[in-house]
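A.B. asks: Fold the following for me, if possible:
(one chain, ligands or ions: 1)
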Amino acid sequence: MSRRLVAAVVAIGLLVPMTQPWTSAQDAKESAVGKKFRKPDVIYVPTPHEVVAKMLDMAQVQKGDIVYDLGCGDGRIVVAAAQRGAKATGWDINPERVKEAQENVAKNKVDANAKIIHDDIFTLDLSGANVVTLYLLTSLNEKLIPQLEKLKPGSRIVSHDFSMPGVKPEQVVDFTCTDGGGHTIYLWTTPLKKEKKATAGTFETQIP
Ligand SMILES: C[S@@+](CC[C@H](N)C(=O)[O-])C[C@H]1O[C@@H](n2cnc3c(N)ncnc32)[C@H](O)[C@@H]1O
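C.D. replies: As a prediction, the model looks like this:
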């Protein structure tokens, strides 16, 4: 290889990571290669934009945060978090949603801060995040507890409409949209405050 070519290869090697957008269609392709995904655990229903803003306010999302949206749908939470300067990643098991979310990221020009990946959320290591957003189901939130327990202390978890059985929330807010629709938003901070089932139907907080 000529010296000039070697220099060019080195220069490109140095440049690529600097110019690579945070959103990478390649990530989605790579994660999907060789994997057969099952059906989504919950259907797609988007969180209204006003509720997204309230969820991110409650989690105090700002520049420097690493936000993961588990089951990202059209990517609206990822886009909104990236617009606040956070690094945001969304995962969805449905390839149609992944495509929509990637288009949404591109349309809003937040590629530098946002990434969408095609994968099953129950296979993820969440330890890299300090904010996790959820709009799933109570049973799915409960199933995520072992993964959420790996978050660093001081991380925030916000869930639209669904609680997490056995874990005491820091805050529960009833939010009314301008169209009159009512939504409940739950906030937890880590380490999670687990509740021990005392007697049938009641919970008591576990003192560590
Ligand atoms: C109710 S929607 C919420 C979408 C978005 N987070 C929002 O709040 O607008 C739930 C999303 O989770 C996705 N989903 C369901 N099961 C999943 C799984 N096991 N792994 C990844 N995504 C999943 C669905 O495809 C759907 O887009």
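A.B. asks: For the residue in the chain that the ligand sits nearest to, list the residues it contacts.
C.D. replies: Residue nearest to the ligand within the chain (CB to the nearest ligand atom): residue 71, separated by 2.3 Å. (C-beta placed from N, C-alpha, C; glycine too.) By CB atoms under 8 Å, 6 or more residues apart in numbering, the contact list for residue 71 reads 40, 41, 42, 91, 92, 93, 121, 134, 135, 136.
A.B. asks: where along this structure do the helices fall?
C.D. replies: For the chain, applying DSSP state H gives helices covering 3-19, 25-32, 49-58, 76-83, 95-107, 138-143, 145-148.
A.B. asks: rank those by pLDDT, which is bottom?
C.D. replies: For the helices of the chain, the bottom mean pLDDT is recorded on helix 3-19, which sits at a mean of 37.
A.B. asks: Please see if the longest strand along the chain touches the ligand.
C.D. replies: Ranked by residue count under DSSP state E, the longest strand found in the chain is strand 182-189. No. Contact of strand 182-189 with the ligand (CB under 6 Å from any ligand atom) is absent, the minimum separation being 10.8 Å.
A.B. asks: just the angle between that strand and helix 49-58, please?
C.D. replies: Counting by axes from the mean of the first three to the mean of the last three CA atoms, to 10 degrees, strand 182-189 lies at 20 degrees to helix 49-58.
A.B. asks: ok, and of the contacts of residue 71, which contact the ligand?
C.D. replies: Restricting those to those near the ligand by CB under 6 Å from any ligand atom leaves 40, 41, 42, 91, 92, 93, 121, 135, 136.
A.B. asks: Those residues in strands, which ones?
C.D. replies: Going by DSSP E, the strands hold 91, 92 from the ones next to the ligand among the contacts of residue 71.
A.B. asks: Could you give me the ChimeraX selection string for whichever of the ones next to the ligand among the contacts of residue 71 are buried?
C.D. replies: Buried residues among the ones next to the ligand among the contacts of residue 71 (16 or more other CB atoms under 10 Å), as a ChimeraX selection:
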select :91,92,93,121,135,136
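A.B. asks: So which residues on the protein come close to the ligand?
C.D. replies: Within reach of the ligand by CB under 6 Å from any ligand atom, the chain has these residues: 40-42, 44-47, 69, 71-73, 76-77, 91-94, 97, 120-122, 135-136, 160.
A.B. asks: picking that back up, would you mind giving the ones next to the ligand among the contacts of residue 71 as CSV with distance to residue 114 and pLDDT added?
C.D. replies: As requested, those are exported to CSV (distance: CB to CB, whole Å; pLDDT from 0 to 100):
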residue, distance to residue 114, pLDDT
40, 21, 97
41, 23, 98
42, 22, 98
91, 12, 98
92, 13, 98
93, 19, 97
121, 17, 98
135, 17, 98
136, 20, 98
